[in-house]
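Q: Got a predicted model here, sequence first, then my questions.
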Amino acid sequence: MNNSFPRMHVSLYVSDIAKSVEFYSQFFGQEPAKVKPNYAKYILEKLSLIISFVENKERVQSNFGHLGFQVESVEDLNIKLWEAKKKNIVAREEMGTTCCYAKQDKFWVNDPDGVQWEVYYFHADAEFNDPHYDKSEAAPCC
């Protein structure tokens with residue numbers, strides 16, 4: 001059993017996805033792994049970082065997005081969830097959800113200041129994003 005978090009995930013709101021893709025492709029020295037309407041994701045292997053950008057002008061200044069960890073197996077996710085439940089810090093569970101153009105199992109915790117952390121297992125890419133997450137009042141997804 002691997003109890004570590006193998007990769008960090010960061011999601012940031014941006015005002016213009018095309019400009020952000022242009023900038024970060026230059027900055028990271030690579031093209032995004034996934035580009036969809038209002039969404040782009042880079043997987044930076046040598047930094048062990050996954051960073052995605054969600055176009056949402058209303059949230060750029062007010063809420064940066066969320067932070068998260070991708071785990072390597074469903075078993076690892078279940079262990080992390082069990083540990084978080086014992087500590088009574090689980091804010092929400094989303095098993096079998098499709099968001100950010102991916103099928104995932106996940107749970108969320110919030111720090112004392114409201115910063116949202118996602119712990120998730122990635123099952124497979126998907127060709128759609130749950131429309132619930134396109135709404136400005138929706139809880140974070142990807």
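A: Cool, the structure landed. Residues are numbered from 1 along each chain as shown.
Q: where does the protein have low pLDDT?
A: For the chain, the stretches with pLDDT under 70 are 1-3, 47, 61-63, 130-142.
Q: you'd agree residue 85 is in a helix?
A: Yes. Counting by DSSP: H, G, I helix; E, B strand; the rest coil, residue 85 is found in a helix.
Q: okay, now it: neighbour count?
A: Counted by other C-beta atoms under 10 Å, the residues lying close to residue 85 total 12. Every residue, glycine included, has its C-beta placed from N, CA and C.
Q: any idea how far it lies from residue 114?
A: 20 Å (C-beta to C-beta, to the nearest Å).
Q: Same question for residue 17.
A: Applying C-beta to C-beta, the value for residue 17 to residue 114 is 25 Å.
Q: Looking at the two, which is more packed in?
A: Legend: neighbour count by other C-beta under 10 Å for residue 17 and residue 114, higher for residue 17 (18 against 7).
Q: Name all residues that make contact with the residue nearest to that one when sequence neighbours are not counted.
A: Nearest residue to residue 17 in three dimensions, chain neighbours excluded: residue 55, at 4.1 Å (C-beta to C-beta, 6 or more residues apart in numbering). Residues near residue 55 by C-beta atoms under 8 Å, 6 or more residues apart in numbering: 13-17, 20, 38-39.
Q: Residue 52 contacts residue 10, doesn't it?
A: Yes. Counting by C-beta atoms under 8 Å, residue 10 is a contact partner of residue 52 at 7.5 Å.
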